[in-house]
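Engineer: Pasting the sequence and the predicted model now:
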Amino acid sequence: MSRSLSGFAIVICLAVVGAVSTTFFPSSARADSTTIAFPNCVGKPEVRPKDVTVACGDANFRVENIRWTGWGESFAAGMGTATVNDCEPNCAAGHFHNYPVVVIVNGKQTCPNRQPAYAKITYAFIGRSPLPTNARPEDATIPFPCGARP
């Protein structure tokens, strides 16, 4: 993992630790956590999804078994297992490998059904990363709009 991406992973992990150790606002002071959603790859809102496909075009990167904290706050953090295709020798013939990962969903949007939802996801691998050493930290944040995608 590159030095800048490694630093980025540390920042994400610190944010998760902060989220876990923070005392959240009482439920009367925040949105109902059962109504906040995160859109899936086809833009359909899901509340507290256990799995998120990050690479929507080919499903070669998915986060599974996510355990969330802070759902319904300005951001939610989760830990799970990234399942990533190594695409060796090509993606069709590649093999999937598992990596521990931290994800954060944040941003605000309102879906067509008027359901509030987070707007983007940011991920960081814990320890070994399948990303190339020249991966840019800004590429680890992906918008997830509600509704049909262009």
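Structural biologist: Structure's in. What do you need?
Engineer: so where's the chain uncertain?
Structural biologist: Residue ranges of the chain with pLDDT under 70: 1-34, 148-150.
Engineer: Start from the N-terminal end of it and give the helices.
Structural biologist: For the chain, the helices defined by DSSP state H cover 3-21.
Engineer: how near is the closest residue to residue 68 other than its chain neighbours to residue 133?
Structural biologist: Among residues not flanking residue 68 along the chain, residue 78 sits closest, at 4.4 Å (C-beta to C-beta, 6 or more residues apart in numbering). In short, each C-beta sits where N, CA and C put it, glycine included. Look at residue 78 and residue 133: by C-beta to C-beta, to the nearest Å, they are 26 Å apart.
Engineer: Next: residue 93.
Structural biologist: Residue 93 is 23 Å from residue 133, by C-beta to C-beta.
Engineer: Got the phi and psi for residue 89?
Structural biologist: phi -80, psi -20 (degrees, to the nearest 10).
Engineer: what's the answer for residue 134, then?
Structural biologist: Per degrees, to the nearest 10, the backbone of residue 134 is at phi -100, psi 20.
Engineer: That one: how many residues sit nearby?
Structural biologist: Neighbour count for residue 134, taken as other C-beta atoms under 10 Å: 8.
Engineer: How about residue 61?
Structural biologist: So residue 61, with other C-beta under 10 Å, has 21 neighbours.
Engineer: Against residue 75, how distant is the nearest residue to it once chain neighbours are set aside?
Structural biologist: Spatial nearest neighbour of residue 61, chain neighbours left out: residue 55 (3.9 Å); criterion: C-beta to C-beta, 6+ apart. For residue 55, the distance to residue 75 equals 22 Å [C-beta to C-beta].
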